[in-house]
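Chemist: Dropping a prediction and its sequence here:
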Amino acid sequence: AERERQERERAERERASQAAREQEAAERMRREAVEREQEAERQRAREAQRAREQEQEELREVQRAIEREKAAEENARLELQGLVSSKLQVMMDDFIRRTDDEFEMYQGKQQKLEDNSGRIGERVAELEREKGKLLVIEEHLGQAQAQMEGWMAARQSRDRPVEELVGYSDALSRQLFKCTSEDKAIEDALFALDKALGSETVDCKRYLQLVAKYSKQQFFVKELANKIVAKRRQLKVF
């Protein structure tokens, strides 16, 4: 019985020892499993970190590529802007030059028109002065014209020239009649020139040349008529 008890105790101790060894082995296996799990977790964490780092590096590379593309686009934009600005500057300079030339040309034309207007104004003033003299001549010519019309009515002839139908009391009357006819003809010519200038049939330069020519001729005719009238008054013909 004692040996059986000892055997049982020894068997129990062995079972206990075996159980303790098994428990220790199980605990060791559990710790190893935990360590492996932790190591696997750390490995996954490292791999995830490397994946994140690789992803970040790829993102940084994409960002650098985007920045390089933006820089290239900005350089192209600046280059295009420079070309456009240069072209616009050339066009603007050419436009300003042509505008200045046209302005100077128009200014020159305006100055010529102002000069011509001044000369025309002077001519009008001169004609106004001559108008007073012509009124005196017209007064005396009225009587001569009435006398001429009477002679024409009395003779009633249309085949003979008017100059032959008019009777002159003296040489001064004949010369005065000739001056008056020439003055009226010049006046008609100046009136026709005014109409031609208004309808742009004649240019301003040609108009001024002809006006100056006929006005000078008319001036001498009127001066001669004035002298004839003065001479007739001196002779007390009127």
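Modeler: Ah, there it is.
Chemist: Next, find the distance separating the most centrally placed residue in the chain from Glu114.
Modeler: Central residue of the chain (C-alpha atoms, centre = their mean): Thr99, 7.6 Å from the mean position. Separation of Thr99 from Glu114 (C-beta to C-beta, to the nearest Å): 22 Å. The way it works is simple: take the backbone N, C-alpha and C, and place the C-beta from them, glycine included.
Chemist: Next: Phe95.
Modeler: 28 Å.
Chemist: go on, Asp101?
Modeler: On the measure of C-beta to C-beta, Asp101 and Glu114 end up 20 Å apart.
Chemist: secondary structure element for Glu61?
Modeler: Here Glu61 sits within helix 2-155, counting by DSSP states H and E.
Chemist: so how far is that helix off the chain centroid?
Modeler: Here helix 2-155 is found 27 Å from its chain centre; the criterion is C-alpha atoms, centre = their mean, to the nearest Å.
Chemist: swap in stretch 196-205?
Modeler: Mean-position distance between stretch 196-205 and its chain equals 30 Å (C-alpha atoms, centre = their mean).
Chemist: Wait, Tyr214 touches Asp188, no?
Modeler: No: taking C-beta atoms under 8 Å as the definition, Tyr214 is not a contact partner of Asp188, at 10.1 Å.
Chemist: Show me which of those two is the more surrounded one.
Modeler: The neighbour count for Tyr214 versus Asp188, taken as other C-beta atoms under 10 Å, is higher for Tyr214 (16 against 10).
Chemist: Please name the residues that touch the more buried one.
Modeler: Tyr214 makes contacts with 186, 189-190, 193, as judged by C-beta atoms under 8 Å, 6 or more residues apart in numbering.
Chemist: Would you mind putting those into TSV with distance to Leu78 alongside?
Modeler: Output for these, formatted as TSV (distance: C-beta to C-beta, whole Å):
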residue	distance to Leu78
Ile186	75
Ala189	72
Leu190	70
Leu193	66
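Chemist: Pick out whichever of those residues sits closest to Ser17.
Modeler: The nearest member of the contacts of Tyr214 to Ser17, counting by C-beta to C-beta, is Leu193 at 151.4 Å.
Chemist: any idea how far Cys204 is from the closest one?
Modeler: If you go by C-beta to C-beta, the gap between Leu193 and Cys204 works out to 11 Å.
Chemist: who's more crowded, the two?
Modeler: Leu193 (18 against 14).
Chemist: right, and the more buried one touches Val202 too?
Modeler: Yes: applying C-beta under 8 Å as the test, Leu193 and Val202 come out as touching, 6.8 Å apart.
Chemist: residues in contact with Arg36?
Modeler: If a contact means C-beta under 8 Å, 6+ apart, then Arg36 has no contacts.
Chemist: Roughly how far does it sit from Met29?
Modeler: Arg36 sits 10 Å away from Met29 when distances are taken as C-beta to C-beta.
Chemist: do Glu39 as well
Modeler: 15 Å.
Chemist: For the chain, give me the ranges with low pLDDT.
Modeler: Scanning the chain for pLDDT under 70 picks out 1, 106, 113, 117, 124, 127, 130-170, 236-238.
Chemist: And what about Thr201, helix, strand or coil?
Modeler: Three-state call for Thr201 (DSSP: H, G, I helix; E, B strand; the rest coil): coil.
Chemist: Neighbours of it, how many?
Modeler: Using other C-beta under 10 Å: Thr201 sits among 12 other residues.
Chemist: From Leu193, how far off is it?
Modeler: Here the distance between Thr201 and Leu193 works out to 9 Å (C-beta to C-beta).
Chemist: And Lys87, by the same measure?
Modeler: Distance from Lys87 to Leu193, by C-beta to C-beta: 52 Å.
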